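[1] mind folding the following:
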Amino acid sequence: MRGLTGKRVLITGGSTGIGRAAAIRFAEEGASVAVNFIGDPEPAEDLVDELGELCPEGEHYLAPADISDEDAVDSLFAGVVEAFGRLDILVANAGIKVVHEPHEVLMADYDRLMAINLRGAFLTAQAAVQHFLDTGHPGAIVLTSSIQAHFPVEDGAIAYVMSKSGMTGMIKALALRYAREGIRVNGVGPGATRTPMNADFEEDPSIEAAVIRMIPAARIAEAEEIAAAIAFLASDEASYIHGQTLLVDGGMGIGRTG
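    Numbering: from 1, shown residues only. Just a heads-up that it's a prediction; the model follows:
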């Protein structure tokens, strides 16, 4: 895609799932990638090694940080900018999902989910915008939302739905405010995707079958398909797209089949 070769990209929640697929796609496009993660470093370390093989001319880094912590985000961006010289693209992808019936939601789980999914997305987007403004070099921000921000399903993930719905507003508000500075803010809204977050698809075929019945395309997405949309929105191919959430959902948003 036009405009990705040589770019410097930070991906939060980048060691597994959609984040991992996005890191690989950007490396394939010739970009340098900083992989943010929390917890076990091994998947991120393995990924950075793989990125180096895919794009040896790039620079690829581990960027551990808890994105729900403001000081940690400041340190994260300072480290990435020191390593890269500057940042061109932020993919705010980190997120978790907790399932409870709405009347049984534990506030500790609610607070943790909101801290990562919504607060973390805002803190990293805020830091990216500040960097773009300070350097006078506008960049692109792509946030990973969800089809459930627009079309919830009855799976007990109300806090997740709320966090992603808030992200939709964030995308529009940031895009509206900073478009004149040349900063582009958009999102992707994945439908059902084969990732560790949806491990129950593999564990219980009946769950996957039930989900597929709701999808006109009659299949679960692969993480690489979501990564392709992320790369597109970050690229020069999407230079006139601002404030949009691109649903990558197999048609689920236009009508469920069952």
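
[2] name the SS class of V185, please.
    strand (DSSP: H, G, I helix; E, B strand; the rest coil).

[3] wouldn't it be in contact with G169 here?
    No: with contact defined as C-beta atoms under 8 Å, V185 does not reach G169; the gap is 11.7 Å. C-betas here are computed from N, CA, C, even on glycine.

[4] wait, M197 touches G17, no?
    Yes: if you go by C-beta under 8 Å, M197 and G17 touch, sitting 6.2 Å apart.

[5] neighbour count: these two, which is higher?
    The neighbour count for M197 versus G17, taken as other C-beta atoms under 10 Å, is higher for G17 (22 against 16).

[6] that one against A221, yeah?
    No: with contact defined as C-beta under 8 Å, G17 does not reach A221; the gap is 11.5 Å.

[7] quick one: common contacting residues for these two?
    Applying C-beta atoms under 8 Å, 6 or more residues apart in numbering, one finds that G17 and A221 are jointly contacted by T193.

[8] where does G189 land in three-state SS?
    G189 is classified as strand under three-state DSSP.

[9] my bad, L51
    Going by three-state DSSP: L51 is helix.

[10] what's the neighbour count on it?
    Going by other C-beta under 10 Å, the residues that sit close to L51 add up to 25.

[11] equivalent analysis for the one 4 residues further on, please.
    Using other C-beta under 10 Å, the number of residues around C55 comes to 20.

[12] OK, contacts around it?
    C55 is in contact with 27-28, 30-33, counting by C-beta under 8 Å, 6+ apart.

[13] list buried residues within the residues you listed.
    Among the contacts of C55, those scoring as buried are 27, 31-33 (criterion: 16 or more other C-beta atoms under 10 Å).

[14] quick check: the farthest pair among those residues?
    For these, the farthest-apart pair by C-beta to C-beta is A27 and S32; their separation is 8.1 Å.

[15] shared neighbours, those two?
    In contact with both A27 and S32: 55, 58, 60, using C-beta under 8 Å, 6+ apart.

[16] neighbours of the second one, how many?
    In this case it means G58. For G58, the count of nearby residues is 21 (other C-beta under 10 Å).

[17] how is it assigned, secondary-structure-wise?
    Using three-state DSSP, the structure places G58 in coil.

[18] against L51, how distant is it?
    G58 sits 7 Å away from L51, going by C-beta to C-beta, to the nearest Å.

[19] how about the helices in this structure?
    For the chain, applying DSSP state H gives helices covering 17-28, 42-54, 70-84, 107-114, 120-135, 158-178, 200-203, 205-212, 223-234.

[20] re earlier: so between V185 and G169, which is more surrounded?
    Legend: neighbour count by other C-beta under 10 Å for V185 and G169, higher for V185 (29 against 11).

[21] what do G58 and L51 both touch?
    27, 33.

[22] pretty sure S145 sits against V188.
    Yes: counting by C-beta under 8 Å, S145 touches V188, with 6.7 Å between them.

[23] now do the shared contacts for these two.
    Contacts common to S145 and V188, judged by C-beta under 8 Å, 6+ apart, are T245.

[24] pick the most deeply packed of the helices of the chain.
    helix 17-28 (a mean of 25; mean count of other C-beta atoms under 10 Å).

[25] what is the mean pLDDT for it?
    For helix 17-28, the mean per-residue pLDDT is 98.

[26] R86 - how many residues pack around it?
    R86 has 14 nearby residues by other C-beta under 10 Å.

[27] residue ranges with poor pLDDT in the stretch 101-250 of the chain?
    By pLDDT under 70, the low-scoring segments of the stretch 101-250 of the chain are 154-156.

[28] repeat that with 90
    Filtered on pLDDT under 90, the stretch 101-250 of the chain yields the residue ranges 101-106, 151-157, 195-214.

[29] alright, I will stop here.
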